[in-house]
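[1] need coordinates for the below:
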Amino acid sequence: MSDIPLHRYLPRLPEAALQEFIEWCVLEQAKAAECNFTPDQSKLNNLPPTEYITQLIDQFMKVKPDPIKAGLVAAIAGKEADQHGLSGLAVIADFIALYVKYLIPKDGNTPQQAEMILTDASQKQCEKFMEIAKKYDVTF
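    Residues are numbered from 1 along each chain as shown. Here you go, the predicted structure:
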């Protein structure tokens with residue numbers, strides 16, 4: 001499988017870093033899945049990280065270019081995130097990273113092509129995660 005186990009490191013990031021990672025997932029990486037999401041900033045202004053993330057995710061989850069695929073992907077991502085045993089903002093970040101990653105492979109005609117697309121998406125998440133962690137002086 002294309003698992004780069006980010007879930008192991010998510011709990012080590014401060015709330016601000018988790019917020020930044022989640023924002024990147026839903027605002028940038030989701031574009032590869034043709035989810036062009038623009039949040040309603042008026043509902044996000046001046047919220048503490050936990051509420052901000054909850055509101056951002058609520059808005060994002062309402063954007064579904066393909067509702068059937070989005071529903072299936074949400075179920076798969078939710079089940080996998082549950083198995084990781086995280087809590088708080090880390091579980092939200094884990095779910096969103098998985099959800100966005102699994103939405104991306106729309107062009108894989110074979111299992112091998114889909115796996116390559118998933119691996120690439122995982123690698124991009126890992127690179128961004130490490131960049132954010134470094135910014136917040138978190139080392140692994």
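
[2] so where's this protein shaky on pLDDT?
    Residue ranges of the chain with pLDDT under 70: 1-4, 105-109.

[3] and the helices in it?
    15-27, 49-61, 67-84, 88-103, 111-135 (DSSP state H).

[4] make TSV from these and add mean neighbour count to it.
    To be clear about C-beta, it is placed using only N, CA and C from the backbone, and glycine gets the same treatment. Output for the helices of the chain, formatted as TSV (neighbours: other Cβ atoms under 10 Å):
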stretch	mean neighbour count
helix 15-27	20
helix 49-61	17
helix 67-84	14
helix 88-103	23
helix 111-135	16
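
[5] can you lay out those as JSON lines showing distance to residue 33?
    Output for these, formatted as JSON lines (distance: least, Cβ to Cβ, whole Å):
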{"stretch": "helix 15-27", "distance to residue 33": "10"}
{"stretch": "helix 49-61", "distance to residue 33": "11"}
{"stretch": "helix 67-84", "distance to residue 33": "9"}
{"stretch": "helix 88-103", "distance to residue 33": "4"}
{"stretch": "helix 111-135", "distance to residue 33": "9"}
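
[6] and the contacts of stretch 16-26?
    Under the criterion Cβ atoms under 8 Å, 6 or more residues apart in numbering, residues 10, 13, 35, 37, 39, 49, 52-53, 56-57, 60, 89-90, 92-93, 96-97, 100, 125, 128-129, 132-133, 135-136, 138 lie in contact with stretch 16-26.

[7] so who does residue 39 touch?
    26, 27, 56, 59, 60.

[8] over to residue 28?
    Applying Cβ under 8 Å, 6+ apart, no residues contact residue 28.

[9] same question, residue 36
    30, 63.
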